[in-house]
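Visitor: The sequence and its predicted three-dimensional model are supplied below.
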Amino acid sequence: MVQTSNTEAQSLASKLISRWIRLSLVCGGAIFLFWWWRFAQWTPIRIVGACLMAASLALWIVAQFQLGDSFSVTPQARALVTSGIYSRIRNPIYVFSAVLIVGIALFVNRPAYLAFLVILIPIQIVRARREAKVLEEKFGEEYREYRRKTWF
């Protein structure tokens, strides 16, 4: 039993470290952008980009924490998270990642960066469909009802 507890503790520690690393990288990237462009003129487009970046980053972080231990790179059905942001959007991490890219493109005044969305959005749609299939297999009607009540 001690080994099981030790393994569970290591798994929990690993998940927490992974979560904090992701959070640190994303926040560090945002701070770097603001620092790098700190002397740039604040045009209306740059302001809109900064607002989109800040809002999407904050919501992305909230979604990460609300998802908790259910986060995984590969589709897995650990738990059906239906509260918080997930009560309205099934895949808020994907949505807010895309909005974050739009914000970055506007903030640094590089519309060409929006082309990345042409690659990202289809990938996110495919991932969302795979996740939906796994969740539907495990949670059945409960997931189908949840899906009817939420967007993407």
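Guide: The structure has been received and is ready for your questions.

Visitor: Name the nearest residue to the most centrally placed residue in the chain, ignoring sequence neighbours.
Guide: Residue closest to the mean C-alpha point of the chain, counted by C-alpha atoms, centre = their mean, is residue 93 at 2.3 Å. Computed as C-beta to C-beta, 6 or more residues apart in numbering, the closest residue to residue 93 that is not its neighbour in sequence is residue 63, at 5.1 Å. (C-beta placed from N, C-alpha, C; glycine too.)

Visitor: again, but for residue 45
Guide: Residue 45 sits nearest to residue 106 (C-beta to C-beta, 6+ apart), 5.3 Å away.

Visitor: tell me which helix or strand of the protein sits lowest on mean pLDDT?
Guide: helix 2-36 (a mean of 73; mean pLDDT, DSSP states H and E).

Visitor: The residue nearest to residue 45: neighbouring residues, count only.
Guide: 23 (other C-beta atoms under 10 Å).

Visitor: likewise residue 115?
Guide: 11.

Visitor: The helix or strand harbouring residue 98 - contacts with which helices or strands?
Guide: If you go by DSSP states H and E, residue 98 is part of helix 92-107. With contacts taken as 3 or more C-beta pairs under 8 Å, 6 or more residues apart in numbering; DSSP states H and E, helix 92-107 sits against helix 44-67, helix 116-139.

Visitor: now what about stretch 120-140, what contacts it?
Guide: The set of residues external to stretch 120-140 that reach it, using C-beta atoms under 8 Å, 6 or more residues apart in numbering, is 75-77, 80, 90-91, 94, 97-98, 101, 143-144, 146-147, 152.

Visitor: Run through who's touching stretch 101-116.
Guide: Contacts of stretch 101-116 (C-beta under 8 Å, 6+ apart): 33, 37, 43, 45-46, 48-56, 117, 120.

Visitor: try stretch 17-35
Guide: With contacts defined as C-beta under 8 Å, 6+ apart, stretch 17-35 is touched by 50, 53-54, 57, 60-61, 64-65, 71, 104, 107-108.

Visitor: ok, the residue nearest to residue 84 when sequence neighbours are not counted - contacts?
Guide: With C-beta to C-beta, 6+ apart as the criterion, residue 84 has its nearest non-adjacent residue at 4.2 Å, and that residue is residue 66. Counting by C-beta under 8 Å, 6+ apart, residue 66 touches 81, 83-86.
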